[in-house]
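A.B. asks: give me a 3D structure for the following:
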Amino acid sequence: MCETDFSGYPDCRNDTIMATAQALSLGLARDIRIHTPLMWIDKAATWTMAEELGGSALVDLIIGESVTCYQGDRDQRHDWGYGCGHCPACELRAAGYARYRAGSIGQASEAAPSTVRPEKS
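C.D. replies: Here you go, the predicted model:
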């Protein structure tokens, strides 16, 4: 989930996550927190974070085992992983990976924390 560079789907936005946390908190009658550490960083920064957390082994795992393609394409493998290469999710992932590989660390937004906790009403 990332609001910094996303393809327009509202379920990727912080407001949706906040509303989900609120609904869960109300339905379960207890405080629910949803952690979204990627919400305010771009895709290049996400790749950088993966490398910082787990080195090249984690980056290789993400490339080999995850799919963000809206078509669910696991037939075509690219430098950045599997996908059709043309849908908005593939384009964002490919562009972020290219910036990461070029040494551009990426951007962190000045915005909110990575934990979403609904406001008490």
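A.B. asks: and the strands in this structure, which stretches?
C.D. replies: In the chain, the strands defined using DSSP state E lie at 34-35, 77-78, 81-82, 115-116.
A.B. asks: need the ones you listed in JSON lines with mean pLDDT, can you?
C.D. replies: Shown next, in JSON lines, are these (pLDDT from 0 to 100):
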{"stretch": "strand 34-35", "mean pLDDT": "95"}
{"stretch": "strand 77-78", "mean pLDDT": "97"}
{"stretch": "strand 81-82", "mean pLDDT": "97"}
{"stretch": "strand 115-116", "mean pLDDT": "48"}
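A.B. asks: so what's the residue count around the residue nearest to Asp79 when sequence neighbours are not counted?
C.D. replies: Distances taken as CB to CB, 6 or more residues apart in numbering place Tyr97 nearest to Asp79, at 6.5 Å, with adjacent residues excluded. Bear in mind the C-beta positions are built from the backbone N, C-alpha and C, glycine included. The number of residues packed near Tyr97 is 21, by other CB atoms under 10 Å.
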